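Colleague: What follows is a predicted structure for the sequence shown.
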Amino acid sequence: MDEIIKNKNIYIQYNSKIFNNFTDKLFNIDYITKEGLIKSEINGRGKAYEIEYDNKVYILKHYIRGGFASKISYDNYIFDSLASTRSVKEYNFLNSLFSKDLPVPKPAALEVIKKKFTYTASLITCKIQNVGTLNDFVINNKMNYELWSILKKTLEDFYKHNVYHADLNAKNILIDNKNNFHLIDFDKSYFFYEKKLFNKSIMRLERSLLKLENYNNEMKRIIKSFS
Ligand SMILES: Nc1ncnc2c1ncn2[C@@H]1O[C@H](COP(=O)(O)OP(=O)(O)O)[C@@H](O)[C@H]1O
Ligand SMILES: [Mg+2]
């Protein structure tokens with residue numbers, strides 16, 4: 001069940017089945033810092049926070065701009081409609097993937113702060129307990145034939161459901177302690193309408209792997225299964 005909190009220029013939506021005592025302050029970095037809710041800071045492209053609240057662990061991410069646009073503005077996006085904001089889109093997309101039993105984080109809450117013509121956005125997902133990213137596993141020589149086969153099967157499941165991941169790379173794939181793979185970071189992703197989009201995401205993943213030490217071209221077999 002989703003609840004909505006509207007406060008002047010701030011729109012917040014959260015899943016009340018996940019939170020017993022939701023507070024919009026979870027989006028407030030000063031508050032979560034002061035209250036000691038931050039378990040760790042994750043430095044990726046932007047900054048994500050692992051937060052513990054009411055005995056549950058979440059990941060809070062703030063959307064930041066990439067590429068050329070980041071030179072103009074760090075985290076402001078042009079506002080068109082609420083439905084087309086980054087956090088609403090990723091929240092809804094994750095919900096639909098989650099309901100298809102695909103291994104993705106459960107979305108918990110989102111925020112959109114509207115300015116005059118722009119907005120900033122944040123998303124809270126339930127943390128996937130993991131033992132590392134595909135990136136870590138390759139670098140540390142922990143991948144093996146069985147794990148590559150499981151990854152292949154996981155990617156096939158996403159393919160069967162027409163999921164296009166716009167930023168599939170070795171850091172957006174997590175591995176848990178039962179050897180299950182999970183895909184995260186579905187910003188700008190959508191259901192694809194042509195197969196070549198899926199292939200594009202697989203090639204993107206391969207490019208990210210080719211940069212890594214100890215990577216031995218294991219994607220070749222996976223790529224073949226999609227062509
Ligand atoms: N639900 C999640 N469970 C566990 N870790 C996560 C989750 N969501 C994000 N992370 C971690 O936070 C990092 C940044 O999140 P991500 O959604 O990839 O944002 P971006 O790459 O745009 O900064 C990820 O690389 C991952 O380490
Ligand atoms: Mg990422």
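Modeller: Thanks, I have the structure now. Ligands and ions are numbered 1, 2, ... in the order given.

Colleague: Now do the spatially most central residue of the chain against L26, distance only.
Modeller: Centroid-nearest residue in the chain: D185, 2.0 Å away (criterion: C-alpha atoms, centre = their mean). Distance from D185 to L26, counting by C-beta to C-beta, to the nearest Å: 20 Å. Heads up, the C-betas are built off the backbone N, CA and C, glycines and all.

Colleague: what about L123, which helix or strand?
Modeller: Assessed by DSSP states H and E, L123 sits inside strand 118-126.

Colleague: List the buried residues in that strand.
Modeller: By 16 or more other C-beta atoms under 10 Å, the buried positions in strand 118-126 come out as 119-126.

Colleague: I'd like those residues laid out as a markdown table, including distance to ligand 2.
Modeller: Listed next are the buried residues of strand 118-126 as a markdown table, based on distance: C-beta to the ion, whole Å:
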| residue | distance to ligand 2 |
| --- | --- |
| Y119 | 21 |
| T120 | 18 |
| A121 | 15 |
| S122 | 15 |
| L123 | 12 |
| I124 | 15 |
| T125 | 12 |
| C126 | 16 |
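
Colleague: So stretch 126-140, near ligand 1 or not?
Modeller: Yes - Stretch 126-140 reaches ligand 1 (C-beta under 6 Å from any ligand atom) through 127-128, 130.

Colleague: So which residues of the protein form helices?
Modeller: With DSSP state H as the criterion, the chain has helices at 29-34, 69-72, 86-99, 134-139, 145-160, 195-210, 219-225.

Colleague: Which one, of the ones you listed, ends up nearest to N43?
Modeller: Closest to N43 of the helices of the chain, according to C-beta to C-beta: helix 134-139, at 13.5 Å.

Colleague: Which neighbouring elements make contact with the closest one?
Modeller: Under the contact definition 3 or more C-beta pairs under 8 Å, 6 or more residues apart in numbering; DSSP states H and E, helix 134-139 sits against strand 173-175, helix 195-210.

Colleague: now it, how far from the centre of its chain.
Modeller: The chain centre lies 18 Å from the centre of helix 134-139; the measure is C-alpha atoms, centre = their mean, to the nearest Å.

Colleague: That helix vs ligand 2: in contact?
Modeller: No - judged by C-beta under 5 Å from the ion, helix 134-139 makes no contact with ligand 2; its nearest approach is 10.4 Å.

Colleague: buried ones in that helix?
Modeller: 134-139.

Colleague: per-domain residue ranges of the protein.
Modeller: Domain assignment for the chain by automatic domain parsing gives 2-126, 132-225.

Colleague: Can you lay out the buried residues of strand 118-126 as CSV showing pLDDT?
Modeller: Below are the buried residues of strand 118-126 laid out as CSV (pLDDT from 0 to 100):
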residue, pLDDT
Y119, 98
T120, 97
A121, 97
S122, 98
L123, 98
I124, 98
T125, 98
C126, 98
